[in-house]
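In: below is the structure, and that's it, no one-letter string:
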């Protein structure tokens with residue numbers, strides 16, 4: 001059996017390959033983060049399928065969700081495929097489709113409004129508009145960079161993410177707010193959501209600023225993160241269109257099953273629908 005020892009050089013080469021394949025920065029960072037966790041687990045020992053299975057068991061025992069574990073394993077399996085270590089790849093855990101989502105994890109429209117009002121009360125105009133831009137367009141927080149002065153003036157923007165391109169429309173009211181903000185900040189061209197140094201705002205900053213709103217807005221912090229705004233957009237869009245395939249295109253999903261996760265109702269909504277069936281005599 002070949003002695004497979006994972007090295008920093010292997011990880012660097014894999015990273016360079018992802019860059020050459022034009023993977024998004026967020027994807028590259030995520031893959032490398034997952035791989036380094038596994039690298040630390042191996043402690044320079046030989047990598048075998050048995051070792052990877054032990055690592056999978058460790059993740060399970062540490063209480064990671066099934067989706068998180070499968071995501072981490074996908075990163076490692078990609079590395080193994082790149083290195084030609086095909087015999088080291090492992091199967092993902094089976095996922096049972098959820099029929100409803102726990103209400104304590106889902107951000108409601110009323111809670112979203114509370115967060116927006118809290119941002120305004122704190123005079124954080126940038127965050128005030130970021131919340132509305134993500135929730136009003138369904139974009140990822142990493143895609144805020146495509147919200148430019150030119151795009152807002154036009155009313156739409158082209159978003160490129162994960163080697164896929166899609167058009168995003170910006171509604172009239174949001175356009176007014178964004179152009180007014182850009183003018184007040186002296187931003188005449190390019191990205192609207194930028195730092196003091198002119199760089200595009202990153203997800204960590206948005207996440208941190210959102211968390212600071214929780215107490216003022218009286219919203220559970222476990223619900224408050226950028227991607228939940230995208231979930232809210234998806235549920236609102238689906239409630240009107242009832243077209244999961246169209247929603248998948250809007251969100252930029254290749255797999256429609258990913259989109260289904262976004263529109264699963266909460267347990268309270270699921271129970272309410274069952275009550276309305278009136279099948280108990």
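Out: Everything's here; your move. The shown structure was predicted, so the numbers you read here are calculated from the model rather than taken from an experiment. Residues are numbered from 1 along each chain as shown.
In: going forward, measure contacts between C-alpha atoms and count neighbours the same way
Out: OK.
In: now name the helix or strand holding residue 33.
Out: Assigned by DSSP states H and E, residue 33 falls within helix 25-42.
In: equivalent analysis for residue 14, please.
Out: Counting by DSSP H and E, residue 14 is found in helix 8-20.
In: which stretches of the chain form helices?
Out: 8-20, 25-42, 49-61, 66-83, 109-121, 125-137, 149-154, 172-184, 203-211, 214-217, 226-241, 244-251, 256-262, 267-276 (DSSP state H).
In: quickly note the distance from the residue nearest the centre of the chain to residue 159.
Out: For the chain, the residue nearest the mean C-alpha position is residue 227 (4.8 Å; Cα atoms, centre = their mean). Applying Cα to Cα, to the nearest Å, the value for residue 227 to residue 159 is 17 Å.
In: poorly predicted segments of the stretch 1-150 of the chain, please.
Out: 1-2, 96-104 (pLDDT under 70).
In: can you do 90?
Out: Applying pLDDT under 90 to the stretch 1-150 of the chain flags the ranges 1-3, 22-27, 43-45, 63-67, 93-106.
In: likewise the stretch 151-281 of the chain?
Out: For the stretch 151-281 of the chain, the ranges with pLDDT under 90 are 159-165, 196, 198, 203, 238-281.
In: just to revisit the earlier point, for burial, what's the neighbour tally of the closest residue to the residue nearest to the centre of the chain other than its chain neighbours?
Out: With Cα to Cα, 6 or more residues apart in numbering as the criterion, residue 227 has its nearest non-adjacent residue at 6.8 Å, and that residue is residue 140. By other Cα atoms under 10 Å, 21 other residues sit near residue 140.
In: contact partners for residue 140?
Out: Contacts for residue 140 (Cα atoms under 8 Å, 6 or more residues apart in numbering) come out as 134, 226, 227, 230.
In: go ahead and confirm the second one touches residue 206.
Out: It stands for residue 226. Yes - using Cα atoms under 8 Å, residue 226 makes contact with residue 206 at a distance of 7.3 Å.
In: comparing those two, which residue is more hemmed in?
Out: residue 226 (23 against 17).
In: for stretch 130-147, measure first residue to last.
Out: 10 Å.
In: what of stretch 148-166?
Out: Stretch 148-166: ends 16 Å apart by Cα to Cα.
In: that one: which residues count as buried?
Out: Judged by neighbour count (16 or more other Cα atoms under 10 Å), stretch 148-166 contains these buried residues: 148, 149, 150, 151, 152, 156, 157, 159, 161.
In: same check on stretch 30-49?
Out: Buried, per 16+ other Cα under 10 Å, within stretch 30-49: 31, 32, 34, 35, 38, 39, 42, 47, 48.
In: list just the nearest of those to residue 65.
Out: Closest approach to residue 65 among these (Cα to Cα): residue 34, at 14.5 Å.
In: could you measure from that closest one over to residue 190?
Out: For residue 34 relative to residue 190 (Cα to Cα), the value is 33 Å.
In: and for residue 228?
Out: Distance, residue 228 to residue 190, using Cα to Cα: 26 Å.
In: between those two, who's got more neighbours?
Out: residue 228 (21 against 16).
In: got any residues that touch both of residue 226 and residue 206?
Out: Common contact partners of residue 226 and residue 206 (Cα under 8 Å, 6+ apart): residue 141.
In: and residue 85, what does it touch?
Out: Neighbours of residue 85 in contact, by Cα under 8 Å, 6+ apart: residue 4.
In: swap that for residue 235, sorry
Out: Residue 235 neighbours (Cα under 8 Å, 6+ apart): 262, 263.
In: from the contact counts, what lies against the helix holding residue 14?
Out: Applying 3 or more Cα pairs under 8 Å, 6 or more residues apart in numbering; DSSP states H and E, one finds that helix 8-20 contacts helix 25-42, helix 66-83.
In: the residue nearest to the centre of the chain and residue 138 touch, don't they?
Out: No - look at residue 227 against residue 138 with Cα under 8 Å: they stay out of range, at 9.1 Å.
In: quick one on the thing from earlier: so which of the contacts of residue 140 is the closest to residue 67?
Out: residue 227 (15.3 Å).
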